[in-house]
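**Student:** dropping a prediction and its sequence here:
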Amino acid sequence: MQNGIFALFMKIQVYIILLVCFSLCPVFGQKKKKEVHNLTGAQSEELMTEGMRHYIKDDFDEAILVWEHLILEVPNEPSIYYYLGKAYLAQNKNSLAFQNAAEAWKLSPHSMDYGLFYVDIALDLRKIDEALEALHKMSEFDEMQPEIGLRLAQAYLWKENGKEALNALKKVEVWLEDFPEIVRTKQFIYLKEKDVLGAMNAGFSLIENSPDELLFTWDQMETVWDLVTGKTLQAEIRPLKSKYASQGQLNLMSAKLFLEAKNLDSTSVEILHAAADVRMSSEILGQLTIQILGLIKSKEDWQTVYEMILELKGLYPLDPRFSALEGDLWANISKFKEAQISYLKAARMGNAKFEVWARIIQLDYEMNLLDSATVHAEEALVFFPNQGYLWFQKGFSEYLNGKMNESIRSFEGAVPMASSQDGWYTQLYGLMGDAYHSKGLYKQSDACFEKVLLVNPTEEHVLNNYSYYLSLRRDHLDKAVLMSKKLVDKFPKNGTYLDTYAWVLFQRGEYPESLLYLEKALRDEKQNSSTVWEHYGDVLFKNGRVDEAVKAWKTANSLEGASNKLDKKIENKRIIEN
């Protein structure tokens, strides 16, 4: 907006500053007696003209050379400083331009051209106080000059003084009230002052003259959105919606206020009225619709929102967000199949966000469709090949399907895009560690687990699996026992964690204490797997209780996932070493 007010300067100027100074001779002739000059008035005029010829041809170096020489001969002529300033400005030498502009205005303080030139450079250099001082001096001669008022407003905006900026614009509005840029500037100032009604009234003055204009620009609506609140404003907006029926932004604001009051029906009505404005932002409509989902308390509410979304889909058939919102609505009542159909329609429009694909894949997991999760992740990666999360989801589905080689490749594909700030970072490295371990790649597996623990030293999955894998390899058992002990201290009744700790103790040869923790593990009946019962038998055997060990092995052998070593253990009544 601040750039806009500067752009307007050139539109409204009614005079041309660039004058060829053939009228300098009379001025040059008025020399003080004590000054001695080597040039005649005619020679000075000739030099001035020569400099102008270079200037007009954009040969600024030559123009500056001529005028710098001339200024030594005629040091009190403001026009020379003025054009020197313009030449330096053309070379982006703003400081030198400012010095010469200041000298020109000092020598001719009543010149509007010189004064505005000085002010413009001061504003450009953010010398706001100097600009304000000059503008106030110039306004003493004519405070209704639009060129002065616009620059005053700009200077006050940079000083964060909205009140004075508005005052400056009001003094010149008789000349400028029909300019949309001025109205938008006023609105910008009102909004910075958090005066929504003032901004609206400024917009209405624009609409009265230009009915096709929007009440606010969409950039301004972002600020308006944060300021629209309260019952009082709703009362102010109500009659305006009838008077300015084509301004859908009023319905948007009303919808937000109804949403704030948790009035679902009225919010839906206002959203649809807003959508009838062909200039409407579908993005803001989508944001409102997302929020209205939180107001659904009954089947009737759900149906109201569903019908609204269907209308929005009809109004915006190429916008994926409303199909995605339909998916959200179905997912809200656990209709996962219907939700996925809507999400897929949105995703396949070609410009959907990757989050829509993430929801599609998540629903595959909800419905236990692992192959479908893999296929959808691959399809999503065509659109978003640099989204590490999609590589992770692909690897996760392959991991759950037992396709370890494929899952490792997918997990490794996610690594370059993964950040420790990502919510899925620890899952990625935790599962990748499991996958590496399953393939006997222990060094890579351990490195993955260490990455997780560096970010989250209490991550349960990694503490349990890492310590268990170390115990299986009889490697770094001191480290394993410390990690596993953290879990049993925190979860003293969790059978899985108790079994892991017991097995680490077993590998360390601490058989009596290992037996104690395995007995605790068996009290957690939900976790009584074949592995736990086999471990129990092994520990009983090491504690000399052979008959009880065989009984435990038989129980383990009767459960799903039984080890192929159990038959030999039972038959030989002893542990079968690898």
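**Tutor:** Okay, I see it. Residues are numbered from 1 along each chain as shown.

**Student:** tell me where the stretch 201-350 of the chain has helices.
**Tutor:** Along the stretch 201-350 of the chain, the segments classed as helices by DSSP state H, counting those that start in this stretch run 218-227, 231-243, 248-260, 264-275, 282-292, 299-315, 320-332, 336-347.

**Student:** out of these, which gets nearest to Val375?
**Tutor:** Among those, the nearest to Val375 by C-beta to C-beta is helix 336-347 (11.3 Å). From N, CA and C alone the C-beta is placed, and that goes for glycine too.

**Student:** rewinding a little: how about the helices of the stretch 201-350 of the chain in TSV, adding mean neighbour count and mean pLDDT?
**Tutor:** Shown next, in TSV, are the helices of the stretch 201-350 of the chain (neighbours: other C-beta atoms under 10 Å; pLDDT from 0 to 100):
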stretch	mean neighbour count	mean pLDDT
helix 218-227	16	90
helix 231-243	13	90
helix 248-260	24	95
helix 264-275	21	96
helix 282-292	18	93
helix 299-315	16	96
helix 320-332	22	96
helix 336-347	21	96
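
**Student:** surely Glu378 touches Gly395?
**Tutor:** No - using C-beta atoms under 8 Å, Glu378 is not in contact with Gly395, being 11.5 Å away.

**Student:** wait, which of the helices of the stretch 201-350 of the chain is closest to Tyr55?
**Tutor:** Among these, helix 218-227 comes nearest to Tyr55, with 38.8 Å by C-beta to C-beta.

**Student:** got a list of contacts for that closest one?
**Tutor:** Outside helix 218-227, the residues that touch it by C-beta atoms under 8 Å, 6 or more residues apart in numbering are 184, 187-188, 191, 194, 196, 199, 216, 249, 252-253, 256, 281, 284.

**Student:** doesn't Arg151 make contact with Ser139?
**Tutor:** No - Ser139 lies out of contact with Arg151 (C-beta under 8 Å); the separation is 10.0 Å.

**Student:** out of those two, which sits in the busier spot?
**Tutor:** A count of neighbours by other C-beta atoms under 10 Å puts Arg151 above the other of Ser139 and Arg151, at 26 against 16.

**Student:** run through the stretch 51-200 of the chain and note the low-pLDDT ranges.
**Tutor:** 143, 174-178 (pLDDT under 70).

**Student:** where along it do the helices fall?
**Tutor:** So, for the stretch 51-200 of the chain - with DSSP H, counting those that start in this stretch - the helices run 60-73, 78-90, 94-107, 112-124, 128-139, 146-158, 162-176, 180-192, 196-209.

**Student:** and Glu378 and Gly395? which has more neighbours close in?
**Tutor:** Legend: neighbour count by other C-beta under 10 Å for Glu378 and Gly395, higher for Gly395 (26 against 13).

**Student:** got a list of what the more buried one touches?
**Tutor:** Going by C-beta under 8 Å, 6+ apart, Gly395 touches Glu406, Ser407, Ile408, Arg409, Ser410, Phe411, Gly413, Ala414, Leu428, Leu431, Met432, Ala435.

**Student:** follow-up on the earlier one: quick one, which of the helices of the stretch 201-350 of the chain is nearest to Leu47?
**Tutor:** Ranking the helices of the stretch 201-350 of the chain by proximity to Leu47 (C-beta to C-beta) places helix 218-227 first, at 50.2 Å.

**Student:** quick one, that closest one and helix 282-292 angle?
**Tutor:** Angle of helix 218-227 versus helix 282-292, following axes from the mean of the first three to the mean of the last three C-alpha atoms, to 10 degrees, is 20 degrees.

**Student:** and helix 218-227, how far out from the chain's middle?
**Tutor:** With C-alpha atoms, centre = their mean, to the nearest Å as the basis, helix 218-227 stands 16 Å off its chain's centre.
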